[in-house]
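# Need the 3D shape of this:
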Amino acid sequence: MTKERWLSDLRRFVADSHVKIDEPLHLHTLTRMGGPADIFVSPTNEDETAYTVKYAYENNIPLLLLGNGSNMVVRDGGVRGIVLNLKSLNEIRIDGLNVYAQGGANIKEVSKAAALNTLTGFEFACGIPGSVGGAMAMNAGAYGGEIKDIIVQATVLTKTGDKLLLSKEELELDYRKSVITKKGYYVLSAEFGLERGDQNVIDAKMADLTHQRESKQPLEFPSAGSVFKRPPGNFAGKLIQESGLQGKGFGGAEVSTKHAGFIVNKNNATANDYIQTIEMVKSAVREKFGIDLELEVKIVGDDTV
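Down below sits the predicted model:
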């Protein structure tokens, strides 16, 4: 089967404008890098999502969930098969002390919605640049909070397109991993349980965390976020900084001078520039400290089309 056939088949169930061929992925990643996707699908509802996943499975077509592209480096050759983006599944709903959000909703927006409804517990996520699905998959956390602290349950799709409702325990949330990544599930929605708070306290905490993020992270440049996982008993940024790597890199990619845990696209970097810079960092830290840094970002796609 050709990608033209995939396009035709998928457009029978998903609106034409939401199924594209050879879509440039640099338009959909926060690094502003990445070659084309053979087929790019952005479903408008859960049924279209399930159809796309099932179609890919039944026809043995590679399927990549992009999320909002915040924790991913797409190689310059792009991605073969189907890229699934759930940005249109972005409903956020408050019901008492519970917050319901679809998988494509921005986790920062969910945090803001909770705060506006005087609910506390979600403040830690006010600066996390990812989707609900991505945050669930990686058990995203910041400033002492994690998704596993507030999750109640989630609805996911299996690789075969079947829906499952998973409890907090069944999600197996741990440091930057979950049953979602383990089994390749796709998050359709999640429910979070919060507590009633004091509006002034919530607002002050949100303002403080936003200030901390803006003052410490290189938000003025495109990036994939924090590149490496935290090594046991240490911090990746500290190791990189002490290796003298800030300001160094390849092509348009550079280890941030503001926060060494970030690699930024400073000047029209290619994915190859970015990946070479990652390898330089890993090699230097290994040589100086004997520590192998583990990637937090995911590198996907082909070097050439």
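# Which residues does the least confident helix or strand in the chain by mean pLDDT contact?
Lowest on mean pLDDT, DSSP states H and E among the helices and strands of the chain sits strand 141-142, with a mean of 86. Around strand 141-142, the neighbours that count as contacts under CB atoms under 8 Å, 6 or more residues apart in numbering are 124-125, 127-128, 147, 209. Just so you know, the C-beta spots here come from the backbone N, C-alpha and C atoms, and that holds for glycine as well.
# can you pull the contacts of the residue lying closest to Ile180 once chain neighbours are set aside?
Of all residues not flanking Ile180 in the chain, Ala137 sits nearest, at 4.2 Å (CB to CB, 6 or more residues apart in numbering). Residues near Ala137 by CB under 8 Å, 6+ apart: 178, 180-181, 187.
# Pick out the most distant pair among those residues.
Maximum pairwise distance in these, criterion CB to CB, is 10.8 Å, between Thr181 and Val187.
# Give me the more crowded residue out of these two.
Per other CB atoms under 10 Å, whichever of Thr181 and Val187 has more neighbours is Val187, with 28 against 15.
# average model confidence for the strand or helix carrying that one?
In this structure, Val187 sits in strand 186-193 according to DSSP states H and E. Throughout strand 186-193, pLDDT has a mean value of 97.
# Same check on stretch 48-61?
pLDDT averaged over stretch 48-61 gives 96.
# picking that back up, just give me the closest of the contacts of Ala137 to Ile278.
Distance to Ile278 across these (CB to CB) is lowest for Thr181, with 19.7 Å.
# Sticking with that closest one, tell me its helix or strand.
helix 179-183.
# can you list contacts of that helix?
Here helix 179-183 has contacts from 133, 136-138, 156, 158-159, 166, 170-172, 185, 187, using CB under 8 Å, 6+ apart.
# can I assume Glu195 is in contact with Gly121?
Yes: applying CB atoms under 8 Å as the test, Glu195 and Gly121 come out as touching, 5.7 Å apart.
# Just want to know which of these two has more residues nearby.
Taking other CB under 10 Å, Glu195 and Gly121 do not tie; Gly121 has more neighbours (20 against 10).
# got a list of what the more buried one touches?
By CB under 8 Å, 6+ apart, Gly121 lies in contact with 114, 145, 149-150, 192-195, 197.
# follow-up on the earlier one: what strands line up against the least confident helix or strand of the chain, and which way round?
Its sheet considered, strand 141-142 pairs with strand 145-146 (antiparallel) by DSSP bridges.
# Just want the angle from the helix or strand following the strand it pairs with to strand 186-193.
Next in sequence after strand 145-146, counting helices and strands by DSSP H and E, comes strand 151-157. Relative orientation of strand 151-157 versus strand 186-193 (axes from the mean of the first three to the mean of the last three CA atoms, to 10 degrees): 160 degrees.
# Residues contacting strand 151-157, please?
By CB under 8 Å, 6+ apart, strand 151-157 touches 49-50, 53, 98, 136, 163-168, 171, 173, 180, 185-193.
# filter those to the buried ones?
Neighbour counting by 16 or more other CB atoms under 10 Å classes 49-50, 53, 136, 166, 168, 171, 173, 180, 185-193 among the contacts of strand 151-157 as buried.
# And the strands in the stretch 1-150 of the chain, which stretches?
19-24, 36-41, 63-65, 72-74, 79-84, 92-95, 98-102, 119-120, 141-142, 145-146 (DSSP state E, counting those that start in this stretch).
# just how off-centre is the third one within its chain?
With CA atoms, centre = their mean, to the nearest Å as the basis, strand 63-65 stands 13 Å off its chain's centre.
# What ranges does the stretch 201-305 of the chain have for its strands?
223-226, 253-255, 262-265, 298-300.
# For Glu109, find the nearest of these.
Taking CB to CB, strand 223-226 is the member of those nearest to Glu109, at 16.9 Å.
# quick one: strands adjacent to that closest one?
With DSSP bridges as the criterion, the sheet partners recorded for strand 223-226 are strand 262-265 (antiparallel).
# contacts for the partner strand?
With contacts defined as CB under 8 Å, 6+ apart, strand 262-265 is touched by 31-33, 217-218, 221-227, 249, 252-256, 274, 277-278, 281.
# For that strand, list every residue counted as buried.
Neighbour-count burial for strand 262-265 flags 262-265 (criterion: 16+ other CB under 10 Å).
# what's the closest of the residues you listed to Lys20?
Ranked by distance to Lys20 (CB to CB), these are led by Asn265 at 23.3 Å.
# Could you measure from that closest one over to Pro218?
From Asn265 over to Pro218 the distance is 10 Å, taken as CB to CB, to the nearest Å.
# With Ala37 instead?
Separation of Ala37 from Pro218 (CB to CB): 27 Å.
# higher neighbour count, those two?
Ala37 (27 against 18).
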